[in-house]
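The following block contains a protein sequence and its predicted model.
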Amino acid sequence: MELLLVLAFLALFSLSALAGIALRKRLHERHLTSETMDSIRLVTGLMVTFAALILSLQLSTARSRFDVTSSHRSAYAARLANLDQCLRLFKEAADPIRLKLRRYTAAVIASTWPHEAAPTVAGMPDIAGMALRGEDRTLSRLISEIGAEVDALPTTGLENTATRCRAAFAQVSSARWNVIEDAIAPSGDFFIGILSFWLSLVFLSFGLQIPRRALSAIVLAIGVLSVSSIMFVIVDLSLPYQGVFHVPSTAMREALADMMR
């Protein structure tokens, strides 16, 4: 998928530049006067300025959104581990709840990162058919059961601990919804398509202007490669659980390992 994205942007911008070069060869000399070329450079400069501004803003936005998603996932893992730590204070009475919590955490890891080795917890839900992103009914039902059982824990002599555990579960629920909302963020495909079209026009204009020299062609190729890589990074960052830049499963796996100690 990542390689296809890079190739797609490279192909689009390269073909645009080559189309500009081919068009220049076909144009009559009266269309290539200094006044005409100056006008083309003026318009191209305006387009380049706006393109650079939009690319920088889009890259910053994508990076910020990715960092927030990663932060929410780490917070979610910490909340799950904290709930398990609290439940340990109830000893044997909370063992069934802690087992369900381990099953839940393992299923979340396996369904969120299906291309990685899945953790194994006896009795964990079957991840086949689970939603890769957003809310899944099976996991939602399991976490609701855990919450109900936390509320039903015997509180004799452990009133303060029970209050802490209920608060810890409330934090888990809040962190869970943050993760779900991050995963179902609006797609920017249409915007990326418009921006790609705009940049292809810029490279078409470059192809019209460059002189027929090897050095000019090399510089244009470097520009195509640079802009293509920026577009790739923007798209890849907007898919936080896929691609080269992805949210790792490390925090969730560490939380599960802590639960199993």
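Happy to help now that I have it. Numbering: from 1, shown residues only.

Show the pLDDT at the closest residue to Tyr104 other than its chain neighbours.
Spatial nearest neighbour of Tyr104, chain neighbours left out: Leu142 (5.0 Å); criterion: C-beta to C-beta, 6 or more residues apart in numbering. (C-beta placed from N, C-alpha, C; glycine too.) On pLDDT, Leu142 comes in at 92.

Use 33 as the first number for this chain going forward.
Noted, 33 is the first residue going forward, which turns the last one into Leu174.

Leu174 against Lys132, yeah?
Yes - the criterion here is C-beta atoms under 8 Å, and Leu174 meets it with Lys132 at 6.5 Å.

where exactly do the strands run in the chain?
Assigned by DSSP state E, the chain shows no strands.

Give the closest residue to the residue nearest in space to the middle of it in space, chain neighbours not counted.
With distances taken as C-alpha atoms, centre = their mean, Pro272 lies nearest the centre of the chain, 1.7 Å away. Leaving aside its sequence neighbours, Pro272 sits nearest to Thr101 (C-beta to C-beta, 6+ apart; 4.4 Å).

Pull the contacting residues for the one you found.
Val211, Asp214, Ala215, Pro272, Val279 (C-beta atoms under 8 Å, 6 or more residues apart in numbering).

ok, those residues vs Ala84, which is closest?
Pro272 (25.2 Å; C-beta to C-beta).

Against Ile216, how distant is that closest one?
12 Å (C-beta to C-beta, to the nearest Å).

ditto for Thr137
Distance, Thr137 to Ile216, using C-beta to C-beta: 21 Å.

Done for today, thanks.
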